[in-house]
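Trainee: next come a sequence and a model predicted from it.
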Amino acid sequence: MMVSTANYLWSLEYVLGQGTTASIYKARNKMTGQQVAVKVFKLMSYSRPYEVQMREFEMLRRLNHNIIVKLFSVEELRSKQRVLVMEYCSGGCLFSLLVEPENAFGLPEPELLIVLHCVGQCVCGWRRREVRSRGMRWCAPPNHLDEPFVLFPLVHGMNHLRENRVVHRDIKPGNIIHQVGEDGRSIYKLTEFGAARELEDDEKFVSLYGTEEYVHSDIYECAVLRKPQQKAYGVSVDLWSIGVTFYHAAASTSPFTPYGGPRKNKPTMYKVTTEKPVGAIAGVQRVDDGPIEWSYRLPQSCQLSRGLSGQLVPVLAGILEADQEKCWAFGQLFFATTEILQRVSVHLFCLQQAAAHRIYIHHHNRW
């Protein structure tokens, strides 16, 4: 069955995604043939307050960043259902990549670096000011590196959200879209801003949004366990979701796994996330009512070098902190990723062990 608006046409067979409030289809511009993605809101979504219905339109109109899916226009069907016309990304979502057999133990290091880094971009001005404000000298990347200058696109995109006072509230692999650029390189982009809202750094909100495996434990307590709401939530909820997403991409599993799985064993899931020791980045319960095994490193089965793991683990430990007062601020996350930006990967081969290693050192080292 074909459906159309004034300027776009699509078949209901070409479904890109389904949600409780909307469906997403691959469509084409009637005049140019350009491929786009159209998000068609279901009739039930119009029962929400008007300001909630309009939130995603307004957010996408305000945001303009190369790792945020672009909004081209807003159109209507004959039924008056609103349609978001957005950039089409052909590679599916990050979650679909992680369920591929070759990624059963996480993404390989080159691909994870692309998830974490954005090729060929300059560091944003806010981050330069942050480094200068700490009394440090900004080090531009050297020209002689055999790898392109890179930076964390999700973190860079989150900085763009913070500059626009936006909290996403539903960051997860399913909301990170994979695109292959004109040069053949992978690009990852944030999408799904239906839960996003404007929020200052010191401001709080009480409404409940998110996906339970990736949501902050304070929201989990109320939204999933249905306990009385006693807390307000700040921008740190996005940091927690970024941490779970990064771990999932590196290991292809959730960092917090109660016996039976997070969806079946909800009380233990909450216990794992709230009782996590400082510095731990994962907790697994292997038997029913058994102890929780805490981990302070990424699994040995993941496809990352010990050099990259060693750089990533402190970042995960800093943002996977249930106590909102102890969790890193966005400035700390940007500062830590800037430190990683200034490092160069060096390949070593140990003759005694017949083993290859990859380490990350500051580019000014002359070892």
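Mentor: Cool, got the structure. Numbering: from 1, shown residues only.

Trainee: so where's this protein shaky on pLDDT?
Mentor: 117-158, 200-208, 229-230, 341 (pLDDT under 70).

Trainee: tell me how it divides into domains.
Mentor: Per the record, the chain has its domains at 2-87, 94-341, by automatic domain parsing.

Trainee: out of those domains, which gets nearest to residue 354?
Mentor: Of all these, it is domain 94-341 that lies closest to residue 354, at 16.0 Å by C-beta to C-beta. To be clear about C-beta, it is placed using only N, CA and C from the backbone, and glycine gets the same treatment.

Trainee: buried deepest among the domains of the chain, which one?
Mentor: Highest mean neighbour count of the domains of the chain: domain 94-341, a mean of 18 (counted as mean count of other C-beta atoms under 10 Å).

Trainee: longest single strand anywhere in this structure?
Mentor: strand 8-18 (DSSP state E).

Trainee: that one - contacts with which helices or strands?
Mentor: Under the contact criterion of 3 or more C-beta pairs under 8 Å, 6 or more residues apart in numbering; DSSP states H and E, strand 8-18 touches strand 2-4, strand 22-29, strand 35-41.

Trainee: partners of it in the sheet?
Mentor: Note on strand 8-18: by DSSP bridges, its sheet partners are strand 2-4 (antiparallel), strand 22-29 (antiparallel).

Trainee: could those go into JSON lines alongside distance to residue 241?
Mentor: Shown next, in JSON lines, are the strands paired with strand 8-18 (distance: least, C-beta to C-beta, whole Å):
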{"stretch": "strand 2-4", "distance to residue 241": "33"}
{"stretch": "strand 22-29", "distance to residue 241": "21"}
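
Trainee: not counting residues beside it along the chain, what's closest to residue 175?
Mentor: Distances taken as C-beta to C-beta, 6 or more residues apart in numbering place residue 192 nearest to residue 175, at 4.3 Å, with adjacent residues excluded.

Trainee: and residue 186, by the same measure?
Mentor: Residue 186's closest residue in space is residue 114 (C-beta to C-beta, 6+ apart), at 4.7 Å.

Trainee: quick one, what contacts the one you found?
Mentor: Residues near residue 114 by C-beta atoms under 8 Å, 6 or more residues apart in numbering: 185-188.

Trainee: what segments of the protein are helices?
Mentor: Chain-ordered helices for the chain, with DSSP state H as the definition, fall at 50-62, 94-98, 109-116, 125-133, 153-163, 217-223, 236-251, 266-274, 306-319, 330-341.

Trainee: looking at those helices, which is nearest to residue 289?
Mentor: helix 266-274 (8.5 Å).

Trainee: and the angle from that closest one to helix 236-251?
Mentor: Using axes from the mean of the first three to the mean of the last three C-alpha atoms, to 10 degrees, the direction of helix 266-274 lies 100 degrees away from that of helix 236-251.

Trainee: from here on, count from 3
Mentor: Noted, 3 is the first residue going forward, which turns the last one into helix 268-276.

Trainee: tell me what helix 268-276 is packed against?
Mentor: The contact analysis (3+ C-beta pairs under 8 Å, 6+ apart) places helix 268-276 against helix 219-225, strand 258-259, strand 284-287, strand 294-297.

Trainee: next, format these as TSV and append distance to residue 242.
Mentor: Converted to TSV, those look like this (distance: least, C-beta to C-beta, whole Å):
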stretch	distance to residue 242
helix 219-225	8
strand 258-259	11
strand 284-287	14
strand 294-297	17
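
Trainee: ok, which of these comes nearest residue 101?
Mentor: strand 258-259 (16.3 Å).

Trainee: need the contact partners of that closest one.
Mentor: 215, 246, 264, 271, 274-275, 278, 284-287.

Trainee: what is the most widely separated pair among the residues you listed?
Mentor: Taking C-beta to C-beta as the measure, those span a maximum distance of 16.9 Å, between 246 and 287.

Trainee: now do the strands in the stretch 53-202 of the chain.
Mentor: With DSSP state E, counting those that start in this stretch as the criterion, the stretch 53-202 of the chain has strands at 73-78, 84-89, 168-169, 178-182, 188-192, 199-200.

Trainee: among those strands, which is nearest residue 256?
Mentor: Comparing these against residue 256 with C-beta to C-beta, the closest turns out to be strand 178-182 (15.5 Å).

Trainee: what helices and strands are in contact with the closest one?
Mentor: Using 3+ C-beta pairs under 8 Å, 6+ apart: strand 178-182 touches helix 96-100, strand 188-192.

Trainee: redo these as JSON lines? Include distance to residue 259.
Mentor: Formatted as JSON lines, the helices and strands packed on strand 178-182 follow (distance: least, C-beta to C-beta, whole Å):
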{"stretch": "helix 96-100", "distance to residue 259": "15"}
{"stretch": "strand 188-192", "distance to residue 259": "24"}
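
Trainee: quick one, which of these is nearest to residue 24?
Mentor: strand 188-192 (16.7 Å).

Trainee: quick one, the closest one and strand 84-89 angle?
Mentor: Using the same axes, to 10 degrees: strand 188-192 against strand 84-89 is 150 degrees.

Trainee: tabulate the CA atom coordinates of strand 188-192 in CSV.
Mentor: Extracted in CSV, the C-alpha atoms of strand 188-192 (Å, rounded to 0.1, in the frame of the first residue of the first chain):
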residue,chain,number,x,y,z
SER,A,188,31.0,4.9,9.1
ILE,A,189,29.1,7.8,10.8
TYR,A,190,26.9,7.4,13.8
LYS,A,191,24.1,9.9,14.5
LEU,A,192,21.7,10.5,17.4
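
Trainee: brilliant, that's me finished.
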